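**Student:** Show me how the following folds:
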Amino acid sequence: MDGIKEISGILSRIEDQKLILDLLECLLTENEIKEIAGRWELVKMLDKGVSQRKIAQKLSMSLCKITRGSRELKKKDSAFKRALHEYL
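**Tutor:** Residues are numbered from 1 along each chain as shown. The predicted structure is shown next:
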């Protein structure tokens with residue numbers, strides 16, 4: 001997990017959004033990028049109150065994956081909720 005800490009530290013200091021995108025595209029496969037983007041979409045939809053079934057239908061995702069996102073949003077110090085409300 002030291003690698004992910006190092007990467008997050010680097011990303012937090014980069015102010016160039018294109019460089020961040022380029023770096024992520026170098027690190028991740030196309031499928032991994034789609035997976036992460038889909039998870040972010042489901043979290044945004046959950047935060048807006050969209051039902052899990054509608055999200056599953058729209059994003060073609062399993063209810064298990066959506067339930068995991070929902071649990072993360074409900075945590076006391078949810079990083080998802082903080083990122084959505086402070087940075088989006």
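**Student:** Count the neighbours of the closest residue to Asp47 other than its chain neighbours for me.
**Tutor:** Distances taken as C-beta to C-beta, 6 or more residues apart in numbering place Leu84 nearest to Asp47, at 5.3 Å, with adjacent residues excluded. (Each C-beta comes from the backbone N, C-alpha and C, glycine too.) Per other C-beta atoms under 10 Å, the neighbour tally for Leu84 reads 17.
**Student:** Same check on Ile66?
**Tutor:** Using other C-beta under 10 Å: Ile66 sits among 23 other residues.
**Student:** Skipping its backbone neighbours, what lies nearest Leu28 in space?
**Tutor:** Closest to Leu28 by C-beta to C-beta, 6+ apart is Ile36, at 7.2 Å.
**Student:** Give the other helices and strands that the longest helix seen in the chain contacts.
**Tutor:** Longest helix in the chain, counting residues (DSSP state H): helix 30-47. Counting contacts by 3 or more C-beta pairs under 8 Å, 6 or more residues apart in numbering; DSSP states H and E, helix 30-47 packs against helix 52-59, helix 63-74, helix 79-87.
**Student:** Tell me which residues of the second one come out buried.
**Tutor:** Buried positions in helix 63-74, judged by neighbour count with 16 or more other C-beta atoms under 10 Å: 65-66, 69-70, 73.
**Student:** and of the residues you listed, the nearest to Ile20?
**Tutor:** Gly69 (22.5 Å; C-beta to C-beta).
**Student:** In this structure that closest one contacts Phe80, no?
**Tutor:** Yes - between Gly69 and Phe80 there is a contact under C-beta atoms under 8 Å: 7.3 Å.
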